[in-house]
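# got a predicted structure here, sequence first:
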Amino acid sequence: MITSWSALQSQPTVARIVMNSLERNRIAHAYLLDGMKGTGKKEVSYLFAKSLLCKNRNGVNPCLTCSNCKRIDSRNHPDVHVVEPDGNSIKKQQIQFLQEEFSKTGLESKRKIYIIEHADKMTINAANSLLKFLEEPNQETFAFLLTENVNLMLNTIISRCQPLSFRALTSEGLVEKLVAEGISLPLAKSAAALTNSLEEAVELCRDDWFALARSLVIKLYEAIFTRPKASLLLIQEKWMPHFSERKQLEIGLDLMLYIYKDMLYAQLAKEEQMVFVDERERIQKLALQTTQQRVTEHLSYILQSKSRLASNVNPHLLMEHLALNLQEGY
Ligand SMILES: [Zn+2]
């Protein structure tokens, strides 16, 4: 949970815009929070709601201890309504229900807030209903529309909202957040190489499958260099059962790509960019035994395998073929 606007370091632009409008008491009636999953849109909308309803606001920041702040945190403030997709879409009835609720005066204060998650999932009818609502803003009504796909939203809605664009987390920022959550640096770096969504990365790191996938990649990498015959056995006995689905195999190939890239970083003396930080010494040692050109060729073999995976090729044959290609010249 973000506790103050100055603590929102991952989104400095958003923090600045919001602090500015709170300071000058010029709050828009509707905000459109757009950005990738995991960038903090939901946390920001709740912090904003607290800043608007807090009974003892301290400058722009909510006190977090008054009854309003506490009820917003526990998601049961009567004047803060949250709309989420019902199944795959947000339906007209959900927006109409919201409008009925808002036609009543605020239960506790005059201010009322609504937060629409995945606002791009509104049906056309729902969006048109909301549009009427946005066109006749009540002085004390505030809307937060959250979306990961602003391109799917109606321009007429977008134009009535003040935009708050959330930037994607940098890879370093993501690793920092993961480590703060208690995840080990090597695991955090591997997850951050695969996604820039915080939620997805946390999910990966908390899944034993991912830690085992990572160690299998290291084993296969090592076998290819030092015990070529063992690599085919490893693929058959350990790799294929673990990466049994295509999506899993894709992650396996991505991790292979990163361990070979690490070899290139070792050759270029850019170790700070390495993903497999716990294997640094071994990778440096193997990197000395080969050339940059060879590593680049190997990277292209892995990329080719990734694209062949998308067509209907036998995954076991694909892996054997890749291992043989990677062994060339050793
Ligand atoms: Zn408060």
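Noted; the coordinates are in hand.
# I figured Leu47 was touching Ser6, is that so?
No. At 11.3 Å, Leu47 does not count as touching Ser6 under the criterion of CB atoms under 8 Å. The C-beta positions use only the backbone N, C-alpha and C, and glycine is treated the same way.
# which one of these two is surrounded by more residues?
Neighbours per residue, other CB atoms under 10 Å: of Leu47 and Ser6, the larger number sits with Leu47, 27 against 13.
# pull the contacting residues for the more buried one.
Going by CB atoms under 8 Å, 6 or more residues apart in numbering, Leu47 touches 2, 4-5, 8, 62.
# show me which pair in the residues you listed is furthest apart.
Between any two of the contacts of Leu47, the greatest separation by CB to CB is 13.0 Å, found for Leu8 and Pro62.
# from Gly40, how far off is Lys177?
From Lys177 across to Gly40, the span is 10 Å (CB to CB, to the nearest Å).
# give me the residue from the stretch 151-300 of the chain nearest the ion.
In the stretch 151-300 of the chain, the residue that lies nearest the ion is Leu164 (21.8 Å; CB to the ion).
# contacts for the strand or helix carrying Asn325?
Taking DSSP states H and E as the definition, one finds Asn325 inside helix 315-327. Residues outside helix 315-327 that contact it (CB under 8 Å, 6+ apart) are 220, 224, 228, 231-232, 235-236, 239-240, 243, 246, 249, 256, 298, 301-302, 305, 308-309.
# ok, longest strand in this protein?
strand 141-147 (DSSP state E).
# next one: phi and psi at the residue of the stretch 151-300 of the chain closest to the ion?
Per-residue torsions, Leu164: phi -130, psi 100 (degrees, to the nearest 10).
# can you pull the buried residues of the helix holding Asn325?
Residues of helix 315-327 classed as buried: 315, 318-323, 325-327 (neighbour count, 16 or more other CB atoms under 10 Å).
# same deal with stretch 247-264?
Residues of stretch 247-264 classed as buried by neighbour count (16+ other CB under 10 Å): 249, 251-253, 255-264.
# okay if I get those as TSV plus secondary structure and pLDDT?
Written out in TSV, the entries for the buried residues of stretch 247-264 read as follows (DSSP: H, G, I helix; E, B strand; the rest coil; pLDDT from 0 to 100):
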residue	secondary structure	pLDDT
Leu249	helix	96
Ile251	helix	97
Gly252	helix	98
Leu253	helix	97
Leu255	helix	98
Met256	helix	98
Leu257	helix	97
Tyr258	helix	98
Ile259	helix	97
Tyr260	helix	97
Lys261	helix	97
Asp262	helix	97
Met263	helix	96
Leu264	helix	96
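# could you tell me which residues of the protein lie near the ion?
When proximity is defined as CB under 5 Å from the ion, the chain approaches the ion at 54, 62-63, 66, 69.
# about what we covered before: need the contacts of Leu47 in TSV with pLDDT and secondary structure, can you?
As requested, the contacts of Leu47 are exported to TSV (pLDDT from 0 to 100; DSSP: H, G, I helix; E, B strand; the rest coil):
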residue	pLDDT	secondary structure
Ile2	82	coil
Ser4	92	coil
Trp5	94	helix
Leu8	86	coil
Pro62	97	coil
